[in-house]
Structure formats: structure tokens, C-alpha cells
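Peer 1: need a 3D model of the following:
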Amino acid sequence: MDQSLKAHFASLLGYSIFGFSFLFSKIALDLVSPFVLLSIRFLVAFAVLNLLWLTGKCGLCLRGKPVGMLLLLGFVQPVLYFIFESYGISQTSASFSGVMIGLAPVMGLVFGVLFLKEKCTAFQVICTLLSVLGVAMTTTGGFGASVSGFLLLLGAVVSAALFAILSRGIAPHFSAFERTYVMFALGSAVFTAIALVQNRQDMRAVFASLGEPALWVSVGYLAVVSSVCAFLLINYSLSHIPAGRALIFSNFTTVISVVAGILIMKDTFSPVQLLGIVIITASVFGVSVQKEKTEA
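Peer 2: Model prediction:
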């Protein structure tokens, strides 16, 4: 398997892993507040990365490198992205938020052309726009949204695109592990600080929730699989393929979350949603195959 194909598969797998995170987040959020969950999630994930580093499984060397850009990457993702997404989703319908987040590949495509001078074909643009249509069809339902909710979700979309651009741009200087390590260091610090401020009057309830087995099952998936594994895969893919092409796989998150909801949560399913999933899959496949042919 050549490097480009590995990178495509890594991006697909990473964003597919995110699809199941909504189920585990839903379980955990019945027990703790959003920022307590984010704090625990990134603290555990950061601990796992430190374990990998201390055991010599992964190297970490930041000396003499553009650390400022790396810190900016960590501020954009996960800090800004999760704050914008959490508050944006709370002020809009699930369908509207799904479509908004689905715009990230379009924003990534534009940013890639503007900032990284990445080449973009007409066919790639069409497939990217079709994938957004697929997301809209898959997340059928009410499209209620406040102005503040729209702006917050727009912030999440911009953050997702900036993450891809920054990670791609600094990939020659930092390994996927180094990028992920600093991202989680900042995430665990910021989310823990916010959680402490928000829950300073109710810490007993927080600690009581920590004894729930269901919480730790959810945290195990969110921290180890959906954070460590997924972000390592995505940062790896951004080292080898353009940001716009890597980001289009993010719409598979919608596909996986819908399928998981149907199979596990027994959610309802319509022919329109099925058509949306087909469009997303075909669009992603079209972008990948067309670019591979162009590069051949």
C-alpha cells in the first residue's frame, strides 16, 4: 500500500471513529456536564500519550521547531472547535448542526487553495458540494437555529478547516504524535480549568459521577479510541494528502453516527437518509479516485 493510499485510509478510519463518539457522549452526558466530560476525556487521552512517550513507543522533540504554530494548532483544535460545537449544538437543531459541520470540507478546500496553494479540480469541488448535500439529506428534520447558534457552528466549521490547514502546514516540522500531544496538552488544561470554574459549587456531584461504570466505558472510547487513535490517524493523513481531500472524509462521521443510531439506538430511518449516505460515499470515493488518477 503506497503512502497516499495509507493516508486516505487513515483519514477515513479516523473520521469514521468520530461517528460513534456521539453515542458514547450521549451516555456520559447523562452523568456529567459537557466540560467535565471534555476535561476527563482529554486528561485520560493526554495520560495515554505520555505513557506512549515514556515507554519509548513514540518520540517527542520540540526544541528548535516553530512551537508557536503548534500551540496555535492546539488552541484551534480541540479548544476552540469543541467550545464552538458544544454551545452551537445546544442552540440549534440536530439537523441544522449536522449540515453546518458538514460544510467543513468546503471551507477546508477553500483554505487549502488560499493558504497552502493546493490544487483543486472542478470535479473535486462538485464532489465536495455533493457530500454536503448528502449530509443535509442524512440529517433530515427540523432546521431550527438562532443567529448565535449559527455563528457558533460557523466558528466550529472554521476551526475544523483551520486545524486541517495548520496540521498540514507544520507537518514537515512535527510528527503526527507531536502535533497530537500538544493538542491534548492544551485541551486537557483548558477544559479542566473551565470545568473547575463551572462546578466549583458542586464538586461532590462531579466526584459522585466518577464512580459510575457507564461513565468510564464512555470515557474509554472517547479518550483512547476517539481522541488518541482518531487524531493520530488524521494528523498522519494530513502529513501526506491535501487538507481539502482529507477533510471530505469528515462527512463519514455523519454516515457512521446515523447507522450507529439505527443499529444500536433503534432510531428511525428513511429512504432520503439512505440516498444521502449513498451520495456522501460516492462523493468521497469520487474525490479520492479522481485525484489518484490525476497524480498517476
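Peer 1: longest helix of this protein?
Peer 2: Of all the segments assigned as helix in the chain under DSSP state H, the longest by residue count is helix 3-29.
Peer 1: what's that helix packed up against?
Peer 2: For helix 3-29, the packing partners by 3 or more C-beta pairs under 8 Å, 6 or more residues apart in numbering; DSSP states H and E come out as helix 34-54, helix 213-220, helix 230-237, helix 243-247, helix 252-263, helix 271-295. The C-beta positions use only the backbone N, C-alpha and C, and glycine is treated the same way.
Peer 1: what's the mean pLDDT across it?
Peer 2: Mean per-residue pLDDT for helix 3-29: 90.
Peer 1: likewise stretch 275-283?
Peer 2: 88.
Peer 1: find the helix or strand that the nearest residue to F75 once chain neighbours are set aside is a member of.
Peer 2: Among residues not flanking F75 along the chain, L186 sits closest, at 6.3 Å (C-beta to C-beta, 6 or more residues apart in numbering). For L186, the enclosing helix or strand under DSSP states H and E is helix 176-198.
Peer 1: run through the neighbouring helices and strands of that helix.
Peer 2: So helix 176-198, by 3+ C-beta pairs under 8 Å, 6+ apart, packs with helix 34-54, helix 67-74, helix 230-237.
Peer 1: can you redo those helices as a markdown table with distance to T138?
Peer 2: Output for the helices and strands packed on helix 176-198, formatted as a markdown table (distance: least, C-beta to C-beta, whole Å):
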| stretch | distance to T138 |
| --- | --- |
| helix 34-54 | 24 |
| helix 67-74 | 30 |
| helix 230-237 | 20 |
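Peer 1: got the angle for the helix holding L186 vs helix 34-54?
Peer 2: 150 degrees (axes from the mean of the first three to the mean of the last three C-alpha atoms, to 10 degrees).
Peer 1: what residues of helix 176-198 count as buried?
Peer 2: Buried residues in helix 176-198, counted by 16 or more other C-beta atoms under 10 Å: 176-192, 194-195.
Peer 1: likewise for stretch 40-59?
Peer 2: 40-46, 48-49, 52, 58.
Peer 1: about what we covered before: nearest to S148, of the helices and strands packed on helix 176-198?
Peer 2: helix 34-54 (16.9 Å; C-beta to C-beta).
Peer 1: could you dump the closest one to PDB, C-alpha only?
Peer 2: C-alpha atoms of helix 34-54 as PDB (Å, rounded to 0.1, in the frame of the first residue of the first chain):
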ATOM      1  CA  PRO A  34     -20.200  18.800  28.900                       C
ATOM      2  CA  PHE A  35     -17.000  20.400  30.200                       C
ATOM      3  CA  VAL A  36     -16.500  17.900  32.900                       C
ATOM      4  CA  LEU A  37     -16.700  15.200  30.200                       C
ATOM      5  CA  LEU A  38     -14.200  17.100  28.000                       C
ATOM      6  CA  SER A  39     -11.900  17.500  30.900                       C
ATOM      7  CA  ILE A  40     -11.900  13.800  31.800                       C
ATOM      8  CA  ARG A  41     -11.700  12.800  28.200                       C
ATOM      9  CA  PHE A  42      -8.600  14.900  27.400                       C
ATOM     10  CA  LEU A  43      -6.900  14.200  30.700                       C
ATOM     11  CA  VAL A  44      -7.100  10.500  30.100                       C
ATOM     12  CA  ALA A  45      -6.100  10.900  26.500                       C
ATOM     13  CA  PHE A  46      -3.100  13.000  27.500                       C
ATOM     14  CA  ALA A  47      -2.100  10.400  30.100                       C
ATOM     15  CA  VAL A  48      -2.200   7.700  27.400                       C
ATOM     16  CA  LEU A  49       0.100   9.800  25.100                       C
ATOM     17  CA  ASN A  50       2.500  10.400  28.000                       C
ATOM     18  CA  LEU A  51       2.600   6.600  28.600                       C
ATOM     19  CA  LEU A  52       3.400   6.100  24.900                       C
ATOM     20  CA  TRP A  53       6.200   8.700  25.200                       C
ATOM     21  CA  LEU A  54       7.700   7.400  28.400                       C
END
